[in-house]
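**Q** sequence first, then the predicted structure, then my questions.
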Amino acid sequence: MSRTEKQKMLAGELYNAADAELQADMTATMEWLSRYNAAVALPVDERRQLLVERFAAVGEDVNIRPPFHCDYGFNISLGEGVFLNFNCVILDVVAVTIGDRTQIGPGVQILTADHPREAAQRESGLEFGRPVSIGRNVWIGGGAIILPGVTIGDDVLIGAGSVVTRDVPSGSTAFGNPARIRSESGAIRSAEW
């Protein structure tokens, strides 16, 4: 039995993003985003109800300040007390999980969408996704970019403007482009990277 492009996408396999079913899902998300982003003046609990309509999971006391942007929404799971400031982007072609009490600054991008490295395969229009997991009690500074396939542990601090290309272990501080783990003295802990 042949798998749909959506099934391939959700499994992290190469898929055709121009597929009619995926385009319909994206259109529905764009309509939902129009409603959510227009709700900027509504109380947080009313905006939360809009999130519950579209996301895989939404904990209590979640606050995403509009404008917010995502591909599908149904691949996003948020723990309790998660906060995303203005202009966050989540490209959620596969799962994005954000743990309890994580705070994300303005303009942060969380990207799961990826593309083949081989030019001929990339030219075919196929793409794939790699999940992103962010632990609990994480603080991600404004303008940071989290690349596909990254796992960030609990109690992590990601500096503003950082580009996170690798996993970040729990309890770490990472910043820079590319982000590097820093010790309390500010030195790079090269043994881990």
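**A** Received it, and whenever you're ready, just let me know what you need.

**Q** residue contacts, N75?
**A** With contact set as C-beta atoms under 8 Å, 6 or more residues apart in numbering, N75 has these partners: 10, 56, 92-96, 112. (C-beta placed from N, C-alpha, C; glycine too.)

**Q** spatially nearest residue to it, not counting backbone neighbours?
**A** Leaving aside its chain neighbours, N75 sits nearest to D92 (3.9 Å; criterion: C-beta to C-beta, 6 or more residues apart in numbering).

**Q** that neighbour reaches F68, doesn't it?
**A** No: applying C-beta atoms under 8 Å as the test, D92 and F68 come out as separate, 11.7 Å apart.

**Q** do you know how far the spatially most central residue of the chain is from V89?
**A** The chain has I110 as the residue nearest its centroid, 3.3 Å off, counting by C-alpha atoms, centre = their mean. Counting by C-beta to C-beta, to the nearest Å, the gap between I110 and V89 amounts to 7 Å.

**Q** what of A120?
**A** 29 Å.

**Q** neighbour count for the two, which is higher?
**A** V89 (17 against 7; other C-beta atoms under 10 Å).

**Q** if I pick the more buried one, what's in contact with it?
**A** With C-beta under 8 Å, 6+ apart, V89 has these contacts: 68-70, 108-111.

**Q** ok, T112 next?
**A** Counting by C-beta under 8 Å, 6+ apart, T112 touches 75, 91-96, 129-132, 148-149.

**Q** where does the prediction get shaky in the protein?
**A** 183-193 (pLDDT under 70).

**Q** helices of that one, start to end?
**A** For the chain, the helices defined by DSSP state H cover 5-10, 20-38, 44-54, 119-123.

**Q** quick one: closest of these to G142.
**A** Judged by C-beta to C-beta, the one of those that comes nearest to G142 is helix 20-38, at 18.9 Å.

**Q** what packs against that closest one?
**A** helix 5-10, helix 44-54, strand 68-70 (3 or more C-beta pairs under 8 Å, 6 or more residues apart in numbering; DSSP states H and E).

**Q** by how many degrees do it and helix 44-54 diverge?
**A** On the basis of axes from the mean of the first three to the mean of the last three C-alpha atoms, to 10 degrees, helix 20-38 is oriented at 180 degrees to helix 44-54.

**Q** check the offset of helix 20-38 from the chain's centre.
**A** 17 Å (C-alpha atoms, centre = their mean, to the nearest Å).

**Q** burial count for the residue nearest to R54 when sequence neighbours are not counted?
**A** Among residues not flanking R54 along the chain, G73 sits closest, at 3.8 Å (C-beta to C-beta, 6+ apart). Counted with other C-beta under 10 Å, the neighbours of G73 add up to 22.

**Q** what sits against G73?
**A** 29, 32, 54-55, 92.

**Q** then E127?
**A** Counting by C-beta under 8 Å, 6+ apart, E127 touches 14-15, 17, 93, 113-116.

**Q** could you dump these to a markdown table with distance to A160?
**A** Below are the contacts of E127 laid out as a markdown table (distance: C-beta to C-beta, whole Å):
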| residue | distance to A160 |
| --- | --- |
| L14 | 34 |
| Y15 | 33 |
| A17 | 31 |
| V93 | 26 |
| A113 | 23 |
| D114 | 24 |
| H115 | 27 |
| P116 | 31 |
